[in-house]
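Novice: here you go, sequence then predicted model.
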Amino acid sequence: MARPLCLLLLLGWLGSTSAQAALPPGFGEHPEDLRVKLVTFGPGQEAHQLFGHSALWLEDTRLGTDVLYSYGMTTHEGQGSALHFLVRHQPFWAARLPVAHTFATYQREDRSITAQELRLTPRARRRLLARLERDVSPEHRLYAYHPTDNNCATRVRDALDDAWEGSLRAASTLPARLSWREHLRRHTRHHPVVGLLLLTWVNDVMDAPRTRWEEAFVPRELARLLDTASVPEGHGGFVSHRVNVSVSSATPVFDEEASAPLLQGLFILGAAIAGGAVLLSPRRGREATPGVRIASGLYPALFGLMSGAVGCVGLVLTRYSEHAALRGSESLLLFNPLALALVPLGIGVAFGSQRAERWTRTCVVGLTGCALLAVALKVLPAFGQDLREPLALMLVAHLGFGLAWGPTWHRAPGVSSRLEARPQRG
């Protein structure tokens, strides 16, 4: 059921894919009897669940019935490959769901459910119900999904702002607590591979200053915004009270700095990669055994395959993605697509080719120079992308390979014998 982990940012925050519930006859005809609650579902274990989900819970107290309006609906089938999802905007839709069944689904997944009852006048409740019914109608329910501009949380935010006639947006102009990248970092902290890939592929769009309105693309931040913002006239906030419908035992998302543990682990991994390259270097020229020669070639080949593959995906996204945040990441200087050249070159070194060894040295020196260029560009204002995670891993790894292959640790086999065979002039 789970999509590949690299779908995290672009799969979005999905709700249940249950069949749409019918609206009870007479529902909302007396808006003063409507109770409106924002429901925030906590993160789950699957990649597409790590940011949580937002929905609106409407209850008609006169009829004793309720429904849940959920955006960001999709299916796991028919969406194409992971790369296709990263490249193209995918069709999502809004749905009206049965409350009890939907809550039970999230509870089985051990996901928290928090409800905030909202302060709305009867006029605002009527406007909100009309907007929601329009959005779930067959002719309007489909929309082009966008991870930060058009997802389950932003569409709920926009519907509420329409009901409040612009008051929510007017109260959300303060600077955001965190950048989009910092939110991505926090929500992927327990999935380091996902976090590294996404933090590598996204560009400085994720680092730009944002407002609290823009920050509310995260379901938890939308809930926080409603808890803390006040209407312009100062007559209190938007929330009357909050209640935990279901508490999860899963690991919560904390507000403290999330990068330190990942950075430490990435640095240790990069140092280990660099250390392996340096340890193999002096042994290549001492009449190396076949095993050492093969290891000396396959080691850079494996490094080039891993780093070059990540870079090639980034290059494809730069060229073809419809998502602005995935076009032109500075991390391509660290996860360099040109590193794939080390694959055939390393295989040639393993077979004893001196030409492959010379070209491997040239390629490694070039890749190390690109990594150092990524560091040097940080002094220029135009290059403001946060590269902490890619740098922690790849800078030390490239420096290790540069140290291993840059200096002339040994003469290539056969060089000294050829020199000795040349006639000497007196």
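Specialist: The structure has been received and is ready for your questions. Since this is a predicted model, take the numbers as computed values, not measurements.
Novice: remind me which residues of the stretch 301-426 of the chain are low pLDDT?
Specialist: Applying pLDDT under 70 to the stretch 301-426 of the chain picks out residues 407-426.
Novice: which strands or helices does the longest helix along the chain pack on?
Specialist: Criterion DSSP state H: the longest helix present in the chain is helix 290-320. Contacts defined by 3 or more CB pairs under 8 Å, 6 or more residues apart in numbering; DSSP states H and E place helix 290-320 against helix 82-87, helix 192-201, helix 259-280, helix 342-350, helix 354-376, helix 388-405. (Glycine included, C-beta is placed from N, CA and C.)
Novice: flag every buried residue along it.
Specialist: Neighbour-count burial for helix 290-320, counted by 16 or more other CB atoms under 10 Å, picks out 293-301, 303-305, 307-308, 310-318.
Novice: and stretch 364-380, by the same measure?
Specialist: Quick answer for stretch 364-380 (16+ other CB under 10 Å): 364, 367, 368, 370, 371, 374.
Novice: thought residue 157 was touching residue 218?
Specialist: No: counting by CB atoms under 8 Å, residue 157 stays clear of residue 218, with 10.6 Å between them.
Novice: ok, back up a step: among the helices and strands packed on helix 290-320, which is the most enclosed?
Specialist: Ranked by average neighbour count under the criterion mean count of other CB atoms under 10 Å, the helices and strands packed on helix 290-320 are headed by helix 388-405 at a mean of 23.
Novice: ok, residue 96 - contacts?
Specialist: Residues counted as contacts of residue 96 (CB atoms under 8 Å, 6 or more residues apart in numbering) are 20, 21, 22, 23, 67, 68, 69, 70, 132, 136.
Novice: rerun that using 6 Å as the cut-off
Specialist: Neighbour list for residue 96: 20, 21, 67, 69, 136 [criterion: CB atoms under 6 Å, 6 or more residues apart in numbering].
Novice: out of those residues, which one has the weakest pLDDT?
Specialist: Ranked by pLDDT, those bottom out at residue 20 (78).
Novice: if you drop the residues flanking it in sequence, what lies closest to that residue?
Specialist: In space, and not counting its chain neighbours, residue 20 is closest to residue 95: 4.8 Å by CB to CB, 6 or more residues apart in numbering.
Novice: quick one, phi psi at that neighbour?
Specialist: Dihedral pair for residue 95: phi -150, psi 160, per degrees, to the nearest 10.
Novice: again, but for residue 126
Specialist: Residue 126 has phi and psi values of phi -60, psi -40 when expressed as degrees, to the nearest 10.
Novice: just checking, it touches residue 31?
Specialist: Yes: in this structure, residue 126 is within contact of residue 31 by CB atoms under 6 Å, at 4.4 Å.
Novice: next, the buried residues of the helix or strand hosting residue 240.
Specialist: Per DSSP states H and E: residue 240 is located in strand 239-246. Residues 239, 245, 246 are the ones in strand 239-246 that count as buried (16+ other CB under 10 Å).
Novice: can you put the helices and strands packed on helix 290-320 in JSON lines and add distance to residue 335?
Specialist: Shown next, in JSON lines, are these (distance: least, CB to CB, whole Å):
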{"stretch": "helix 82-87", "distance to residue 335": "15"}
{"stretch": "helix 192-201", "distance to residue 335": "6"}
{"stretch": "helix 259-280", "distance to residue 335": "12"}
{"stretch": "helix 342-350", "distance to residue 335": "13"}
{"stretch": "helix 354-376", "distance to residue 335": "10"}
{"stretch": "helix 388-405", "distance to residue 335": "6"}
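Novice: quick one, which of these gets closest to residue 59.
Specialist: Nearest to residue 59 among the helices and strands packed on helix 290-320 is helix 82-87; the distance by CB to CB comes to 35.3 Å.
Novice: averaged pLDDT, the closest one. What do you get?
Specialist: Helix 82-87 comes out at a mean pLDDT of 76.
Novice: ok, residue 163 - contacts?
Specialist: 124, 127, 128.
Novice: now swap in residue 274 and tell me
Specialist: Applying CB under 6 Å, 6+ apart to residue 274 gives the contacts 396, 397, 400.
Novice: same deal with residue 110?
Specialist: Under the criterion of CB under 6 Å, 6+ apart, the neighbours of residue 110 are 248, 250.
Novice: helix, strand, or coil at it?
Specialist: Secondary structure assignment for residue 110 (DSSP: H, G, I helix; E, B strand; the rest coil): coil.
Novice: can I see the domain layout of the chain?
Specialist: By the assignment in automatic domain parsing, the chain contains the domains 12-176+211-246, 259-408.
Novice: wait, which of the ones you listed is closest to residue 189?
Specialist: Closest to residue 189 of the domains of the chain is domain 259-408 (CB to CB; 6.6 Å).
Novice: how distant is that closest one from the center of its chain?
Specialist: 23 Å (CA atoms, centre = their mean, to the nearest Å).
Novice: could you check which helix or strand contains the nearest residue to residue 35 once chain neighbours are set aside?
Specialist: Spatial nearest neighbour of residue 35, chain neighbours left out: residue 59 (4.4 Å); criterion: CB to CB, 6+ apart. Residue 59 belongs to strand 53-60 when assigned by DSSP H and E.
Novice: mind listing residues that contact that strand?
Specialist: With CB under 6 Å, 6+ apart, strand 53-60 has contacts from 13, 15, 27, 33-37, 39-41, 66-70, 152-153, 156, 219, 222.
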